[in-house]
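K.L.:
sharing a sequence plus its predicted fold:
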Amino acid sequence: MSLIAEFKKMPISKFEEWCLAVAIEGIDGDTNDFLQTHAKPLTEYDGSGYVYSTLLEYLAESGIDLEESEYAALASELAEEHYPLCTVLTNEHRLTYLNKLDLENFDENELKNYYNEFNGADEDEAGSMMLEAIRVLQFNLREADATSVVLLTLS
């Protein structure tokens, strides 16, 4: 079974409202309803969402840590309770890392080797899958700003 990677843009005010509700009431079945009401879907990644699990580790090891933010604790809680992976991309991420995510900064063979070693796999297309995931990530990261965050979830 494959995971789907979804990117959603949400106003920070609504996201913080959601954070407060989660802190008080815990995560319940209304998560999907809240996201459908208050978050705008962004460009989708057509491949398996599992690629993002590997990609985020690779990027962190390369100095591009997209999982650390002021919202990391909520993202971790969401990942434990509702999603296999949840990352909150902020304006700070955009300002710090957007240019570093330029595809010219990545070597397809290196990405392929990392993916295969990380997953104990032998995927010939792993490098191109990782490059495409970076392209979609960079495109969606542009949507984070001073008033909105971008959620990356796997479901």
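P.N.:
Good, I have the coordinates.
K.L.:
do I have it right that K14 meets H38?
P.N.:
Yes. Contact between K14 and H38 holds when scored by Cβ atoms under 8 Å: they sit 4.2 Å apart. All C-beta atoms are positioned from the backbone trio N, CA, C, and that covers glycine.
K.L.:
run the chain-centre distance for the strand or helix carrying K14.
P.N.:
Take DSSP states H and E as the rule and K14 turns out to sit in helix 12-25. From the chain centre to the centre of helix 12-25 is a distance of 19 Å (Cα atoms, centre = their mean, to the nearest Å).
K.L.:
what does it contact?
P.N.:
M10, F34, H38, A39, Y71, L74, E77, L78, V88, T147, S148, V149 (Cβ atoms under 8 Å, 6 or more residues apart in numbering).
K.L.:
for it, buried residues please.
P.N.:
The neighbour-count check on helix 12-25 (16 or more other Cβ atoms under 10 Å) flags I12, K14, F15, W18, C19, V22 as buried.
K.L.:
one step back: need the max-distance pair from the contacts of helix 12-25.
P.N.:
E77 and T147 (23.3 Å; Cβ to Cβ).
K.L.:
contacts only, for G47.
P.N.:
By Cβ under 8 Å, 6+ apart, the neighbours of G47 are A5, M129, E132, A133.
K.L.:
what's the burial count for the first one?
P.N.:
Applying other Cβ atoms under 10 Å, we find 25 other residues in the vicinity of A5.
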